[in-house]
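Chemist: What follows is a predicted protein model with its sequence.
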Amino acid sequence: MSDITYTSPTERVNTWLDGSTLFIEFNNPARHNALSVDMWEAVPVLLALAEQDSRVRLVVFKGAGEKAFVSGADISQFEDMRAAQEAVTRYEAMAEAALMGIYNFSKPTLACIRGYCIGGGINVAISCDMRIAASDAVFSVPAGRLGLGYRYSAMKNLVDLIGPGAAKDLFFTARRIDAAEAHRLGLVSRIASVEALPGLLAEYTRALDENAPLTIQAAKFITREILKASPEADLAHCQQLIRGCFDSADYAEGRKAFMEKRKPAFKGV
């Protein structure tokens, strides 16, 4: 199909087609492009269109403005969306649909990262096939500071990409790392100065426009098959542990401390 028109279901996600590249831009700059509910929900809708569009050979995810790719979830919605048990279930299902939609998309995807790439931003980036970053990029997985449970799929993507040692280091400490360390760990493939990032991105858009799409799609599918979870993985227990995090007093404390901009006092219950 080539008569598809891309219209985002929310003003907080911009989208446009440039040649054979579809751009999906997170547009919440007042909150450093933190992901609100409508932004999560927009992603599968746009990818479903791109899946059917023969013009699209690459989807690029980026953040609006100069400060952030994605700075995590929109904390202003935490009380409404992640406090109650039913809301947690809905929120996690919504985020999972968006992230797995990116991961399972048949065509190549690329995260072009400037500034903050935190929490949910890393999840978006590691769901993509490729990641490039400006030298001003900052990365962190702050779940340990909030008492959040992390989904199996998100943890697996991180471990598959950078290995279990580096993944546990970032996850357990919740520390921030710069673009250079992210490159050393393999979290991003290439880095460039802020000024040179558009040129680096153009290198990828040209390559994907010129190279054989069926060959690339076959390589993507086969790589995904190689990385599939072991049948011995205890997914039910993984889900139980995640549920326990969201049901805990520590999660309530972490959420409250985050909103109050203070250190949480976790008790392990």
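Modeler: Structure's in. What do you need?
Chemist: Can you pull the poorly scored residue ranges out of the stretch 1-150 of the chain?
Modeler: Low-confidence segments of the stretch 1-150 of the chain (pLDDT under 70): 1-2, 75-88.
Chemist: What is the burial count for Ala229?
Modeler: Other residues near Ala229 come to 11 when the count uses other C-beta atoms under 10 Å. No exception for glycine: its C-beta is placed from N, CA and C like everyone else's.
Chemist: Could you report the separation of it from Ala252?
Modeler: Separation of Ala229 from Ala252 (C-beta to C-beta, to the nearest Å) stands at 31 Å.
Chemist: do the same with Gly72
Modeler: Computed as C-beta to C-beta, the Gly72 to Ala252 distance reads 18 Å.
Chemist: Show me which of the two is the more surrounded one.
Modeler: Higher neighbour count among Gly72 and Ala252: Gly72, with 25 against 14, using other C-beta under 10 Å.
Chemist: Tell me where the stretch 1-150 of the chain has strands.
Modeler: Taking DSSP state E, counting those that start in this stretch as the test, the strands found in the stretch 1-150 of the chain are 13-18, 21-26, 58-63, 68-70, 109-113, 116-118, 130-134, 138-140.
Chemist: can you redo the ones you listed as CSV with mean neighbour count and distance to Phe258?
Modeler: Output for the strands of the stretch 1-150 of the chain, formatted as CSV (neighbours: other C-beta atoms under 10 Å; distance: least, C-beta to C-beta, whole Å):
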stretch, mean neighbour count, distance to Phe258
strand 13-18, 16, 24
strand 21-26, 22, 20
strand 58-63, 24, 21
strand 68-70, 28, 17
strand 109-113, 26, 23
strand 116-118, 26, 12
strand 130-134, 24, 25
strand 138-140, 22, 13
